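Asks: I'd like to go over a predicted model; first the sequence, then the structure.
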Amino acid sequence: MLSVKDLHAEIDGKEILRGVNLEVKPGEVHAIMGPNGSGKSTLSMVLAGNPAYTVTSGEVTFRGKSLLEMTPDVRSHEGLFLGFQYPVEIPGVSMVNFMRAAVNAKRKYFGEPPMGATDFLKLMREKRAIVELDNKLASRSVNEGFSGGEKKRNEIFQMAVLEPKLAILDETDSGLDVDALRIVAEGVNKLRTPENSAIVITHYQRLLDYIKPDVIHVLYKGRIVYTGGPELALEIEEKGYDWIKSEVDGKDAIKGEA
Amino acid sequence: MGALDQYISLWQEHGDLLVSKSPDALNRLRADAASSLIEQGLPSQKDENYKFTDLEKILSPDYGINIGRVKIDVNPSDTFRCDVPQLSTSLFLVVNDSFAETVGCRDLLPEGVDVVSLASYARSNPEFIEKFYGSLADISNPVVALDTLLCQDGVVIRVRKGVKVESTIQLVNIFQNVAPLLAARRILIVMEEDSEAKVLVCDHTQTSDVAFCSLQVVEVFAAKGSKLDFYDLEESTQNTSRLSSLWLRQEEGSEVLLDSMTLYNGTTRNEFFTRFAGRHAKLRMLGMGIEDEQRRLDTYSRIAHEVSECNTDELFKYVVDDDAMGAFAGLIYVAEGASKTEAYQSNRNLVGSEKAVMHSKPQLEIYNDDVKCSHGTAIGQLDEKQLFYMMTRGISEDQARLMLKQAFMSDVIDGISLPPLRDRLKLMVERRFAGEKTACSSCPVGCNS
């Protein structure tokens, strides 16, 4: 599904990713955890193609194609989805028009005609139900005036409509109360299939109670420094990141001396 | 004197012909107009208020002027009806500067409404024209002076006391000629007490490879309790220059919406001079300019609060791309006696290219302490975060830019009171940003097609 090899990336001349390696197979859910500032969001932005970040070296293969050469819209068509930590407000663009543009852009990419109005409304209705998103939000501008929980549910709603092969969810749990978290997580679980994969970026183990990962990685100082099974999350919850940090920092220190 | 020479000498040498073809009520101000022009000349770009519009350059080409009232052949077909869904308009044409009616144009108008040729009304109702014509527009203004010197026809819209016009009165100004032409037209709108009307003026150039110069002076009298929506839409060509000067006087409790939309143009200067003469009057001013290629749009507005308790809300938005230039200068003046004035002014602009230029000068001049006023301006680019967010959903960069520009104009469009017209204009703006050759392609008048 996704293969990341020795990925280095920087923003404003500052190197954030310093050699990330990651393999995600079809059907797998990976969680990426790590302390603040370790590069988790940068990794998601780079994978989605945010032009503010520069990839300095490394390669990323997504379903057999070189991801880094694609523009963000093509990445989306090819099946990549990024659920934003901070969904962007777009005043003046209604949710309906936004989703219609997204759906039809994808259809166009695959040589299909635009979706008819009835089918489109039916699709919206179906997908809204997955995250219990209020119908009245459809006529509003994208994310404008949405509560924190509505914004996150809106992200999962968009994911449901676009049916990605790989979903990257960047701190989808942040700012959610328990009920909203459950709705969002259930939404994600409803969309799971044996073929589709997900990368869940989170600070806390809480989300992983709902979305069970197969693999957990710890990102620290721009590298994946630790990979383990679901039990790793519990260990981090209990002991924090310090033991991983000191292990890594210790190794670096030894390397530095050598 | 430069560019003015040709107009002054035209007046001096052929003034007799011009006068003989025009009604007295229009002729009586011509000599004053000529002296004003001779005395003052044209303001140069050193003049603060004309910094971004070169009147000399606009008026220097050797335009023809149809002072002999030769009939220029256009084909006023029987099907001249705007096909805006659910928008029944009462459609009238002004071809170059001559008024023309369309079939059924008065069917939807109630009794007590006159929509007529200025020239013929000046003959049939000279006292009326003498009372209103030129009584608001200041003859020392160069556009007003030149228009008054040359104007031979235009439109009078008179809505009598208490009459409410449901259908939109649509005037389509069409430029059509084989050789360069200057047309000086005049629109006189008299809203009597408690009357209501909506007027949509569409400015079109039909021949795109010919240079046109459009002089337009609009005088609007809004009597006590009257309501007027005035939409002025320009869809001309890069070879068209337009100098428009609108003068409005509002009496007590009147409510006026002035909406100026420039979708396609060449070089345009739109001026607005408005005055509150009675309390509790409201003015909403909206404007949008979509400028690309080499187009230029310069807006000047002066809103005078001379009495208390009046309300102004002004919003102008521009999108400037390529090598285009946009300028906005707006002054809200609040006189000493104008207590409890509420006046807000905002000018926001998107600049889309390195070479595009936007000038903005919002101004408040307040001589009273008991007022609520604000003004603001912003010039910026499209938001990169919004663009990226849209692209991650599969929307192409071009499409995303288009949608964001469209969204930028949405509050101006939402200010339009008539839903069918609002939907229509939304579509036109969409088409405009999509780069379609003409935004109002389904208007049966068929300009630009």
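Replies: Looks like it came in fine.

Asks: neighbours of residue 26, how many?
Replies: All of this is about chain A. 14 (other Cβ atoms under 10 Å in any protein chain shown). C-beta coordinates here come from the backbone N, C-alpha and C atoms, glycine included.

Asks: correction: the question concerned chain B.
Replies: 25.

Asks: grab the nearest non-local neighbour of residue A:113.
Replies: Distance criterion Cβ to Cβ, 6 or more residues apart in numbering or on different chains; nearest residue to residue A:113, sequence neighbours excluded, is residue A:107 at 6.9 Å.

Asks: try residue A:143
Replies: residue A:89 (4.4 Å).

Asks: related to what we said a few turns ago, residues in contact with the residue nearest to residue A:113?
Replies: Each residue near residue A:107 by Cβ atoms under 8 Å, 6 or more residues apart in numbering or on different chains is listed here: A:113-115.

Asks: neighbour-wise, which of these leads?
Replies: The contacts of residue A:107, ranked by neighbours (other Cβ under 10 Å): first place residue A:115, 16 neighbours.

Asks: tell me the SS of it?
Replies: Following DSSP: H, G, I helix; E, B strand; the rest coil, we place residue A:115 in the coil state.

Asks: for residue A:139, see how far away it is.
Replies: Computed as Cβ to Cβ, to the nearest Å, the residue A:115 to residue A:139 distance reads 19 Å.

Asks: do residue A:156 as well
Replies: According to Cβ to Cβ, residue A:156 stands 20 Å off from residue A:139.

Asks: compare those two (neighbour count), which wins?
Replies: residue A:156 (26 against 9).

Asks: who's in contact with the closest residue to that one other than its chain neighbours?
Replies: Distances taken as Cβ to Cβ, 6+ apart place residue A:187 nearest to residue A:156, at 4.2 Å, with adjacent residues excluded. The contact partners of residue A:187, by Cβ under 8 Å, 6+ apart, come to A:130-131, A:153, A:156-157, A:160.

Asks: find the nearest non-adjacent residue to the residue of the stretch 151-258 of chain A found nearest chain B, please.
Replies: Proximity to chain B, evaluated over the stretch 151-258 of chain A using Cβ to the nearest Cβ, is greatest for residue A:158 at 6.3 Å. Closest residue to residue A:158 apart from its sequence neighbours, by Cβ to Cβ, 6+ apart: residue B:393 at 6.3 Å.

Asks: do a quick rundown of the strands in chain A.
Replies: For chain A, the strands defined by DSSP state E cover A:2-11, A:14-24, A:29-33, A:54-62, A:65-66, A:80-83, A:90-94, A:141-142, A:166-170, A:197-201, A:215-220, A:223-228.

Asks: no wait, the stretch 251-400 of chain B
Replies: Listed in chain order, the strands of the stretch 251-400 of chain B (DSSP state E, counting those that start in this stretch) span B:255-264, B:267-276, B:282-291, B:296-305, B:311-320, B:325-334, B:342-351, B:357-366, B:372-380.

Asks: around chain B, which positions in the stretch 101-250 of chain A sit nearby?
Replies: A:101-102, A:105-106, A:109, A:141, A:158, A:162 (Cβ under 8 Å from any Cβ of the partner chain).

Asks: need those residues in a markdown table with pLDDT, can you?
Replies: Putting those into a markdown table (pLDDT from 0 to 100) gives the following:
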| residue | pLDDT |
| --- | --- |
| A:101 | 95 |
| A:102 | 96 |
| A:105 | 96 |
| A:106 | 96 |
| A:109 | 96 |
| A:141 | 94 |
| A:158 | 95 |
| A:162 | 95 |
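
Asks: wait, the residue of the stretch 151-258 of chain A closest to chain B touches residue A:99, no?
Replies: Yes. The criterion here is Cβ atoms under 8 Å, and residue A:158 meets it with residue A:99 at 7.1 Å.

Asks: neighbour count winner among those two?
Replies: Per other Cβ under 10 Å, whichever of residue A:158 and residue A:99 has more neighbours is residue A:158, with 25 against 22.

Asks: could you check how far the more buried one is from residue A:81?
Replies: Relative to residue A:81, residue A:158 is positioned 8 Å away (Cβ to Cβ).

Asks: pretty sure residue A:32 contacts residue A:43?
Replies: Yes. Contact criterion Cβ under 8 Å: residue A:32 and residue A:43 qualify, at 7.0 Å.

Asks: which of those two has more neighbours?
Replies: Taking residue A:32 and residue A:43 together and counting by other Cβ under 10 Å, residue A:43 has the greater number of neighbours (28 against 24).

Asks: show me where chain B has helices.
Replies: Shown for chain B, the helices assigned by DSSP state H span residues B:5-20, B:24-27, B:30-40, B:55-59, B:118-124, B:126-132, B:142-150, B:384-392, B:397-408, B:410-414, B:419-433.

Asks: deepest-packed of those helices, please.
Replies: Most buried of the helices of chain B, by mean neighbour count (mean count of other Cβ atoms under 10 Å in any protein chain shown): helix B:142-150, with a mean of 25.

Asks: do you know how far residue B:296 is from residue B:112?
Replies: The spacing between residue B:296 and residue B:112, counted by Cβ to Cβ, is 41 Å.

Asks: out of those two, which sits in the busier spot?
Replies: Using other Cβ under 10 Å, the more surrounded residue of residue B:296 and residue B:112 is residue B:296, with 24 against 15.

Asks: pull the contacting residues for that one.
Replies: Counted by Cβ under 8 Å, 6+ apart, residue B:296 has contacts B:52-53, B:265-268, B:324-327.

Asks: residue at max distance from the center of chain B?
Replies: Most distant residue from the mean C-alpha position of chain B: residue B:392, 41.0 Å away (Cα atoms, centre = their mean).

Asks: burial count for the residue nearest to residue A:158?
Replies: Neighbours of residue B:393 using other Cβ under 10 Å come to 24.
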